[in-house]
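Novice: Next comes the sequence, and after it the predicted model I'd like to discuss.
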Amino acid sequence: MSATKDNHYGIDEVQRLGINCAQIFGTNKIQWKPREYHPLQVQTFRAVRESAIPGPIYSHGIYLINLGARDENPEIYEKSVHALAAGLKICALLRLDGLIFHLGSNYGLGLKAVLESVVVGLTRARELSECDVPLILENSAGSERVIGGRFSDFATIINELNGDSRISICIDTAHAFAFGYDLANTQGLEQLTSEIESTLGFDRIATLHLNDSKIECGGALDRHANLGEGHIGYSGLAGILNHPHLKSLPTVLETPGFDGRGPDRGNIEIMRALAGCLDDDPKILARRAKQRARYRKRRSKSKKQRS
Ligand SMILES: [Zn+2]
């Protein structure tokens with residue numbers, strides 16, 4: 001969810017939705033310059049968080065970071081290292097549980113060619129940040145050009161960092177699906193989980209981004225859909241949520257929302273139903289969420305007409 005000075009950096013919305021874990025954008029996702037934080041809002045954030053939100057809150061890093069760029073684009077690389085360090089500092093300030101981000105591109109040269117660039121970048125960002133907040137690497141959608149499309153990439157990187165315990169992994173279901181892990185069926189899920197087991201181990205997995213995908217399996221594009229409205233579908237998503245190694249992970253939604261304004265009550269309810277925590281039929285929950293969205297649209301239209 002978006003975090004601004006006016007909503008106490010997202011904590012108001014976390015409370016309104018009645019959720020116990022979340023992800024915020026600690027700074028503007030398409031700007032290099034980090035946000036300035038206001039001491040009073042930081043205080044409110046920390047106080048509400050400590051008293052009312054039991055689970056983890058993560059920050060998502062900016063979209064511009066590319067740690068594979070040392071040789072190909074040194075300017076972007078320097079900016080990336082500093083942006084990552086700034087992101088970690090923000091997490092330390094708000095006492096968040098980790099910075100989730102994408103590693104960037106290998107320029108079609110394969111992981112080996114950019115491995116040193118990535119490892120040096122991660123090490124320098126850590127030093128500059130002067131904190132031990134977990135860095136959480138997220139798998140990417142896309143072709144073989146992305147770093148971390150395949151989960152074994154992460155094992156290689158962590159190995160180079162001597163198994164640094166401050167690095168963990170986020171599984172994004174839409175990205176994995178678009179990369180080619182067919183999570184719509186049990187064999188695809190099995191392929192993914194056995195690859196994680198044999199390369200990384202499940203102890204490294206910190207969190208799950210549960211998103212459906214508008215793009216078909218292997219389509220290589222990053223397009224999130226509301227739960228059940230994409231190609232993974234209810235049964236694929238339920239398989240993920242109930243998998244013995246994944247079911248206890250903190251789960252974050254990055255869905256467009258039934259009224260197009262981001263993760264909403266409808267998607268949260270559907271997720272809970274698919275996980276077996278709510279008795280309702282997800283199809284009925286989706287229908288209700290759409291009705292609510294239509295009602296809100298009509299109401300804001302008539303408000304506009306009156307004013
Ligand atoms: Zn994600």
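Specialist: On my side now, so go ahead.

Novice: ok, and the closest non-adjacent residue to the closest residue to the ion within the stretch 51-200 of the chain?
Specialist: Residue nearest to the ion within the stretch 51-200 of the chain (CB to the ion): residue 172, separated by 3.7 Å. Glycine gets a C-beta too; all of them are placed from N, C-alpha and C. Spatial nearest neighbour of residue 172, excluding adjacent residues (CB to CB, 6 or more residues apart in numbering): residue 209 at 3.9 Å.

Novice: what's near enough to touch the residue positioned nearest the centre of the chain?
Specialist: The centre of the chain sits closest to residue 209, judged by CA atoms, centre = their mean, with a distance of 5.0 Å. Residues in contact with residue 209 (CB atoms under 8 Å, 6 or more residues apart in numbering) are 23, 138, 170-175, 251-254.

Novice: quick one: which of the residues you listed is nearest residue 201?
Specialist: If you rank the contacts of residue 209 by distance to residue 201 using CB to CB, residue 171 comes first, at 13.3 Å.

Novice: Is stretch 29-38 positioned near the ion?
Specialist: No. Stretch 29-38 lies apart from the ion when judged by CB under 5 Å from the ion; the minimum separation is 11.7 Å.

Novice: How about stretch 28-42, which residues are buried there?
Specialist: Residues of stretch 28-42 classed as buried by neighbour count (16 or more other CB atoms under 10 Å): 34-35, 37, 41-42.

Novice: let me redo that: stretch 80-96
Specialist: 80-91, 93-94, 96.

Novice: Please identify which helix or strand holds residue 195.
Specialist: In this assignment (DSSP states H and E), residue 195 forms part of helix 186-199.

Novice: can you check residue 116 too?
Specialist: Taking DSSP H and E as the definition, residue 116 sits inside helix 111-129.

Novice: rewinding a little: could you verify that the residue nearest to residue 172 is part of a helix?
Specialist: No. Secondary structure of residue 209 (DSSP: H, G, I helix; E, B strand; the rest coil): strand, not part of a helix.

Novice: Report the separation between it and residue 88.
Specialist: From residue 209 over to residue 88 the distance is 19 Å, taken as CB to CB, to the nearest Å.

Novice: try residue 274
Specialist: With distances taken as CB to CB, residue 274 is found 33 Å from residue 88.

Novice: Look at the residue lying closest to residue 104 once chain neighbours are set aside and say how many residues are nearby.
Specialist: Nearest residue to residue 104, sequence neighbours excluded (CB to CB, 6+ apart): residue 66, at 3.1 Å. For residue 66, the count of nearby residues is 24 (other CB atoms under 10 Å).

Novice: who's in contact with residue 66?
Specialist: Applying CB under 8 Å, 6+ apart to residue 66 gives the contacts 73, 76-77, 80, 103-105.

Novice: Of those residues, which is the nearest to residue 283?
Specialist: Distances from residue 283 to the contacts of residue 66, taken by CB to CB, are shortest for residue 103, at 37.3 Å.

Novice: Would you double-check that that closest one falls in a strand?
Specialist: No. Per three-state DSSP, residue 103 lies outside any strand segment and is coil.

Novice: phi, psi of it?
Specialist: Main-chain torsions, residue 103, degrees, to the nearest 10: phi -80, psi -30.

Novice: Please apply the same query to residue 35.
Specialist: The phi/psi pair for residue 35 (degrees, to the nearest 10) is phi -70, psi 150.
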